[in-house]
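Visitor: Whatever this is, show me its structure:
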Amino acid sequence: MKTKITEMLGIDYPIIQGGMHYVGFAELAAAVSNAGGLGTITALTQKSAPDLANEIAKCRDMTDKPFAVNLTFLPMLNPPDYPAYVQAVIDGGVKIVETAGNNPSQFMPMLKDAGIKVIHKCTTVRHSLKAQSIGVDAVSVDGFECGGHPGEDDIPNMILLLRAQDELEIPFIASGGMADGRSLAASLAMGAEGINMGTRFIATKEAPVHENVKQAIVNATELDTRLVMRPLRNTERVLNNAAVERLLQKEAELGKDIKFDDIAPEVAGVYPKVMQDGDMDAGAWSCGMVAGLIHDIPTVKELIDRTVAEAKQIATERLAQIFA
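Guide: Take a look at the predicted model:
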């Protein structure tokens, strides 16, 4: 396949594995890249910049294909040493970075001077335009369907992608609700140059997470996610479980008076317990509505190959027959 994204990033297929906490390790990133997509290491899963450097080196040993590092800039009382993480990416020779969270403008000179392509994740057209203005190479347009943080505007991809096509001059990637060749074909039809899959890649053989997590995704339907932390304007889409029900009850009872400390037991330090230990009720963890489209646990290569084949079949056979 040939799109602006495949040419920009040097990959075979316009399929990107999103950065995911305690999922985006070298094993998964290398598997995605080796299968022709773009794998992504999640920087903040690593406890320090030296740890990230080691994970980058590990990935290099597992693939000679391009891979990315996700750098999510979050508002924190005690933020991590972001400059050191950025330097670890540069020193590791990584040439593609996915940024998310706060505006990455303060790190753009470092990244661009190192010849790094920057893809910024956005949930709105206005944020996408701002990212374009600070010099990112592409944006990942994240619709309301997505797992994790969908923003506060609640715009689904059937609208958001077309608005992005209307407004943006740089390439954009469709993120949120992406599962298969239908997703890829539809996204390309709406102006995207590729897709970003998160939840779908968790349910693969190579994903370094507990089997309970993969089965929970396979067993879930599109009705099984919930939005939490809306009163704090830090909305997150998560898979429903006992901890999420407790969290939502607290939000209902405390209303506008709720503080982060009130829900810390349900959201703080959750990911190792879920992803590594398989404790599915430990707390709230990100999952997209796309779980309703996930029914198996293939290898990464099987997933990417069938996604590309299905998209090609849709474009060359089904649509060709309709318009014949």
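
Visitor: alpha carbons only for contacts and neighbour counts from here, please
Guide: Noted.

Visitor: ok, now how distant is residue 125 from residue 310?
Guide: Residue 125 is 29 Å from residue 310, where distance means CA to CA, to the nearest Å.

Visitor: what's the distance between the nearest residue to residue 146 once chain neighbours are set aside and residue 159?
Guide: In this structure, residue 146 finds its nearest non-sequential neighbour in residue 176, 3.8 Å apart by CA to CA, 6 or more residues apart in numbering. Using CA to CA, residue 176 is found at 13 Å from residue 159.

Visitor: Tell me which of the two has more neighbours.
Guide: Between residue 176 and residue 159, counted using other CA atoms under 10 Å, residue 176 has the larger neighbour count: 28 against 11.

Visitor: I'd say that one and residue 148 touch.
Guide: No: in terms of CA atoms under 8 Å, residue 176 does not count as a neighbour of residue 148; the distance is 9.5 Å.

Visitor: Find the residues that touch each one of those two.
Guide: Both residue 176 and residue 148 are contacted by residue 288, under the criterion CA atoms under 8 Å, 6 or more residues apart in numbering.

Visitor: so what pLDDT did residue 26 get?
Guide: As predicted, residue 26 sits at a pLDDT of 98.

Visitor: How many residues are close by the closest residue to it other than its chain neighbours?
Guide: Leaving out its chain neighbours, the residue that sits closest to residue 26 by CA to CA, 6+ apart is residue 59, at 4.7 Å. Using other CA under 10 Å, residue 59 has 24 neighbouring residues.

Visitor: Find the helix or strand that residue 59 is a member of.
Guide: Using DSSP states H and E, residue 59 maps to helix 49-62.

Visitor: I'd like to know how far residue 102 sits from residue 139.
Guide: According to CA to CA, residue 102 and residue 139 sit 14 Å apart.

Visitor: More neighbours: the two, which one.
Guide: Legend: neighbour count by other CA under 10 Å for residue 102 and residue 139, higher for residue 139 (29 against 13).

Visitor: got the contact list for that one?
Guide: Shown in contact with residue 139 (CA under 8 Å, 6+ apart): 119-122, 128, 131-132, 170-173.

Visitor: Equivalent analysis for residue 212, please.
Guide: By CA under 8 Å, 6+ apart, the contact list for residue 212 reads 278-280.

Visitor: same thing but 6 Å
Guide: Contacts for residue 212 (CA atoms under 6 Å, 6 or more residues apart in numbering) come out as residue 278.

Visitor: and if you look at residue 136?
Guide: Taking CA under 6 Å, 6+ apart as the test, what residue 136 contacts is residue 118.

Visitor: Check the offset of the helix holding residue 59 from the chain's centre.
Guide: The chain centre lies 20 Å from the centre of helix 49-62; the measure is CA atoms, centre = their mean, to the nearest Å.
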